[in-house]
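J.: could you look at this predicted model? Sequence included:
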Amino acid sequence: CGMGALDEGQGFVSLGTSGVLLAARDGYSPAPQTALHTFCHAVPGRWYQMGVMLSATDSLNWLASITGARPAELTAGLGEEILAPGRVRFLPYLSGERTPHNDAAIRGSFTGLGTDTGRDDMTRAVLEGVAFGLRDSHEALKAAGARIERLMAIGGGARSRYWLRLIATVLGVPLDLPKDGEFGAALGAARLGLVAATGARPEEVMTAPEIGERIAPDAGLADAFDAAHARFRQAYPAIREIQ
């Protein structure tokens, strides 16, 4: 309600401690086999679904804690123009994973490390791993029939333009950044209260924020990241088997 995500085709990606990819739905289409969350919307007659990964910015915070750098320092070393997928791969399962694996026991891992691997390589792998985890949620939503044309990007991780360009490219979906202000649960609750008190139509009150910037996917790297995501998906069962 705070983001104005009411109708099919509207949604957002939240890069917080956990990562959330949420899509408003016009109907009920549960998919428990991929741990996709399906809920009644706060507005009657509507639904929403979301994929959740447990360690989004938490993965970057963890890397920062063991390298003695702030998260912003880690991402600053990469610049803003995204690179093709790196050799180092990171599975972001530091606390288990929800969508699509529903696996509390799996843990994270790095593969592809070499004597030439540096901090920037590991940072890049963490950002890619989180982006691929969000792609897993995106695929689960599409399999349930969700139509995702573009997404709002919110949360602390949205301050990194590199990460946003990477996620937009991995998902193949433009990311919109709100111009200013907070559009979270408190605003949604206030809007619900306003509708209850005045009888106003939800569509008139629960509007989307003004867009300050749109991050487009990099079409030239789409194929490379599609292939890298396929390898990422193959890594989960292999790592799960030996842990």
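T.: Great, that's in hand.

J.: show me the beta-bridge partners of Val52.
T.: Beta bridges link Val52 to Val20, judged by DSSP bridges.

J.: got the contact list for it?
T.: Ser18, Gly19, Val20, Leu21, Ala35, His37, Arg98, Thr99, Ser137 (C-beta atoms under 8 Å, 6 or more residues apart in numbering). C-beta coordinates here come from the backbone N, C-alpha and C atoms, glycine included.

J.: can we see that at 7 Å?
T.: Contacts for Val52 were tallied using C-beta atoms under 7 Å, 6 or more residues apart in numbering; they are Ser18, Val20, His37, Arg98, Thr99.

J.: what of Leu36?
T.: Residues near Leu36 by C-beta under 7 Å, 6+ apart: Gln49, Gly51, Thr99, Ala140, Leu141, Ala144.

J.: and the strands in this structure?
T.: Taking DSSP state E as the test, the strands found in the chain are 11-15, 19-25, 37-40, 47-53, 89-91, 109-111, 151-154, 175-178, 211-215.

J.: Tyr162 is nearest to which of the ones you listed?
T.: Nearest to Tyr162, of all the strands of the chain, is strand 211-215, at 10.4 Å by C-beta to C-beta.

J.: and the closest one, what's buried?
T.: Ile215 (16 or more other C-beta atoms under 10 Å).

J.: mind giving me the packing neighbours of it?
T.: In terms of contacts (3 or more C-beta pairs under 7 Å, 6 or more residues apart in numbering; DSSP states H and E), strand 211-215 is packed against helix 161-171, strand 175-178.

J.: need the outlier residue of the chain, farthest from its centre.
T.: Computed with C-alpha atoms, centre = their mean, the residue of the chain farthest from its C-alpha average is Thr198, at 34.9 Å.

J.: determine the longest helix present in this structure.
T.: Looking across the chain with DSSP state H, the single longest helix is helix 119-143.

J.: what residues does that one touch?
T.: 13, 19, 21, 23, 31, 34, 36, 49, 51, 53, 56, 59-60, 63, 67, 74-75, 77-78, 83, 85-86, 88-92, 99-100, 110, 148, 162-163, 166-167, 170-171, 229, 232.
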